[in-house]
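J.: Got a sequence here, can you build the structure:
(chains A and B)
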Amino acid sequence: MKAVFCGIILFATVAGVFFAPYFSVSSVALVALFAIFFIISLSLIPEKWLWISMIAIGFFFFGVLRYQQYQGALESVTYPKDKDIKINAQVVEPPEDTKKATKVVIQDQDKKAKFLLVLRPFSGIKYGDYLSVEGKAIAPESEGLKNSLLVKGITYQMLFPKTEKVKAAGGLSLGMQVKNILYEVRNRFEAGINSTFPEPEASFLAGLLLGIKRNLPDWLMGDLQKSGTTHIIALSGFNITVIIMFLRMIFSKKSAKMSFYAPLIAIAGFVVMTGSQSSVVRAGIMGAMMMIAYRVGRQSSSAMAIIITAALMILINPFILRFDIGFQLSFAAFLGIIYLGPIFKEVLPIKSESVKEILAMTLGAQVMAYPIILYYFGNFSLVSLFTNMIVMPFIPFVMLIGFISATLGMMWPHLSYVLSWTVTFALKAIISVIHFSASLPYASLGDIGLSPTNLVICYVIVLEIVFIYKHLKKRRFTNGK
Amino acid sequence: MENKTRKIFSPISLLVLGLAFLGIWITFFIPQDDRLKVSYLDVGQGDSAYISFPSGKNALIDGGPDKKVLEGLGRNMPFYKRKIDIVFLSHPHADHLVGLIHALSRYEVGRVVLTKAVHSTPEYQEFLNLVKEKKIPVTEGLRGTEFDFSDDNKIKILYPETTLDNQNLNNTSEVLLLQSGKTQFLFMGDLEKDGSDRLLSLEPSLIADIIKVPHHGSENALNEDLYKKSGLRGAVISVGKDNMYGHPHTELLNFFKTNSMKYYRTDLDGDIVFASDGTNINTIRQNSFLSF
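T.: Residues are numbered from 1 along each chain as shown, chains lettered A, B, ... in the order given. This next block holds a predicted model:
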């Protein structure tokens, strides 16, 4: 009963955040609505459910309010339209080089609003620099871009503004110093990969280990999409899942302690290595929660732990629920591991326990995450299952050896040569499989975007399967008795 | 307990060993094609050519406009090679330069050859900084300089004859002649008509088997005298698909067609690779990213 109660509250809060954009009413109206529900419910429902639903409604509006308060705070700062403005700002995120431009996130020092600057490459701007920027502040027009920026707290864009470095980075706050160090680590590591491997293997491995996909050539990006394997290079949540499963598998037979701590340490290392972008941090926290839940031991408690963490993260930044694809995918992947993994494990006709376990878990994660991928990328890959079955078993191996040889490459390139050749071959093989399966006729059916309704239906089907399975199992169990 | 752990590890360690063995085998025991290879890389709208010599040395001439050159190198260099012995920059325009910045930061580079032409773009500054930071020796590219790659292979610089200042940058382009036995490859950079006229007056008996057409086949670089030399077997136009400059110019293509000259285009053919044994030149197909 306690769990049900807790679940209802969490669900109501998250639902509130989710539906918040549809409530364009003031908080007064919310309270009024609340009161109406209160009166109706008084006369209709039995007492126990009355209270629960009352509290649920309360938490629902709590979610709505949290979302609107967060959005309001972000959007309260405005700049004149169609007029050049001049601001003093500091670079607050590490600059990112894309193929044609450098993207820099700055924060206005007066109004505290965040801007995304698009600059010419080789601008020489570093994290923490103080800039004087002159240009037009543009509020992003397309919904997709606007939302993806809002998740990061960015409300405006400036395209190729006049930029002048006023003062180099210095006197950084402690938080920024730590971030700077982490960012340096990531850069060094990426440089290690780049100086050890040729292209396109280097950018593929950078995607795999660091979630950096900006260097991937377009043809390879297209092949990944067509073969339904984009998730292996782009989505940090997925990588964390793989790390956890792989280490657990290795250590599970050895010692319970190791199989708990090794993945935890690996997650921490991974978060540090990827430069601690917030999406990776979120996925890392969820991964850690899952490990702790495993340790405690019950399936329901691990699910609950992840749901509570997710709900807390949503309350801290309500935008991630709708707009952070990485968050959604890692959440789905973890649920898939917990609920679908055991089902696959019983169904799969494979002898080796460890292979079966890892295959079942990854399959579970994929099935759960796939509708979301379909919803966003609208690309239904017919060869996806086939390609993933071939490629997936190699991924943890490539990640591990690739990590070691890139680390060695960072320190002493000659030492990493033979090891890096091994990875180069494995990567070549993986890329070949992906390239081959993407080039098959009818490999992918484009434009099968799921509508939101269909997305919900997909998950209802998955839920039904879980229920049916559990029901059957219970019956088999009682019959056997 | 012990046995089970070993069971888990054995397929993985076997795989590692197997792949490492395969790597070593391919590196050391598969006979290498010991011909000179010249690859005009498909880098989009820009210029880049990679040369590998029979002695195992290699050279890169220009780097194209972006990171695409890295893929080109991935396709044409053996996977275990992490060094480029000599890098030529014909002139500091971005479509020849930016790729070199990426190549310099990823590969060990033995020497950089560039002209003293001044260009104040951030890209060029970055390039010079990188050269300085990595302590790469620099040679000024002037007429008369020669680089020997043994087995009768050398690269000669034919142009410019003096340090050129305050000029149309295209006309400061280094012109390189690669000689391998009796075969010759000419790299024209972005030299425009007045520049190539000057080159022809300096080098009246200039001949080459393969010429890299100057300035992506643009109109202002069309110099018919350049192609009327005897012995010219083919022309390579390094150009991007649907580029906004209208390169290569139809007049040039018509000229090639009416004179029934063989020409290759990187936008249509991808990487264009020639192999020379000192007397004969053959084209090699190389469209896979799997290069050993």
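J.: What's the local residue count around residue 143?
T.: With no chain named, the answer covers chain A. Counted with other C-beta atoms under 10 Å in any protein chain shown, the neighbours of residue A:143 add up to 9. Placement of C-beta: from N, CA and C, glycine included.
J.: wait, chain B
T.: Neighbour number of residue B:143 under other C-beta under 10 Å is 16.
J.: Please, where are all the helices along chain B?
T.: Assigned by DSSP state H, chain B shows helices spanning B:2-29, B:68-76, B:94-106, B:122-133, B:193-202, B:224-227, B:250-258, B:266-269.
J.: would you list these in JSON lines and tack on mean neighbour count?
T.: Shown next, in JSON lines, are these (neighbours: other C-beta atoms under 10 Å in any protein chain shown):
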{"stretch": "helix B:2-29", "mean neighbour count": "13"}
{"stretch": "helix B:68-76", "mean neighbour count": "25"}
{"stretch": "helix B:94-106", "mean neighbour count": "23"}
{"stretch": "helix B:122-133", "mean neighbour count": "16"}
{"stretch": "helix B:193-202", "mean neighbour count": "17"}
{"stretch": "helix B:224-227", "mean neighbour count": "16"}
{"stretch": "helix B:250-258", "mean neighbour count": "14"}
{"stretch": "helix B:266-269", "mean neighbour count": "18"}
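J.: ranking those by mean pLDDT, which is last?
T.: Lowest mean pLDDT within those: helix B:2-29, a mean of 64.
J.: Can you lay out the helices of chain B as a markdown table showing distance to chain A?
T.: As requested, those are exported to a markdown table (distance: least, C-beta to the nearest C-beta, whole Å):
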| stretch | distance to chain A |
| --- | --- |
| helix B:2-29 | 3 |
| helix B:68-76 | 4 |
| helix B:94-106 | 5 |
| helix B:122-133 | 4 |
| helix B:193-202 | 28 |
| helix B:224-227 | 34 |
| helix B:250-258 | 27 |
| helix B:266-269 | 15 |
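J.: Looking at the ones you listed, which is nearest to residue A:420?
T.: Nearest to residue A:420 among the helices of chain B is helix B:2-29 (8.8 Å), distances taken as C-beta to C-beta.
J.: do you know which of the helices of chain B lies nearest residue A:306?
T.: Comparing the helices of chain B against residue A:306 with C-beta to C-beta, the closest turns out to be helix B:2-29 (27.0 Å).
J.: Format the helices of chain B as a markdown table; extra columns: distance to residue A:465.
T.: Below are the helices of chain B laid out as a markdown table (distance: least, C-beta to C-beta, whole Å):
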| stretch | distance to residue A:465 |
| --- | --- |
| helix B:2-29 | 31 |
| helix B:68-76 | 43 |
| helix B:94-106 | 48 |
| helix B:122-133 | 55 |
| helix B:193-202 | 72 |
| helix B:224-227 | 70 |
| helix B:250-258 | 62 |
| helix B:266-269 | 51 |
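J.: Figure out which of these is closest to residue A:131.
T.: That would be helix B:122-133 among the helices of chain B, by C-beta to C-beta, at 15.2 Å.
J.: relative orientation of that closest one and helix B:94-106 in degrees?
T.: In terms of direction (axes from the mean of the first three to the mean of the last three C-alpha atoms, to 10 degrees), helix B:122-133 departs from helix B:94-106 by 30 degrees.
J.: can you list the residues that contact helix B:122-133?
T.: A:120-124, B:89, B:92, B:94, B:97-98, B:100-101, B:104-105, B:112, B:138 (C-beta atoms under 8 Å, 6 or more residues apart in numbering or on different chains).
J.: Tell me which residue of chain A lies closest to chain B.
T.: With C-beta to the nearest C-beta, the shortest gap between chain A and chain B falls at residue A:421, namely 3.2 Å.
J.: Pull out the buried residues from the helix or strand encompassing that residue.
T.: In this assignment (DSSP states H and E), residue A:421 forms part of helix A:417-439. Neighbour-count burial for helix A:417-439, counted by 16 or more other C-beta atoms under 10 Å in any protein chain shown, picks out A:417-431, A:433-435, A:437-438.
J.: where in the stretch 101-250 of chain B is pLDDT low?
T.: B:164-166, B:229-231 (pLDDT under 70).
J.: wouldn't residue A:334 be in contact with residue A:241 here?
T.: Yes - look at residue A:334 against residue A:241 with C-beta atoms under 8 Å: they come within range, at 6.9 Å.
J.: When these two are compared, which one has more neighbours?
T.: Per other C-beta under 10 Å, whichever of residue A:334 and residue A:241 has more neighbours is residue A:334, with 32 against 28.
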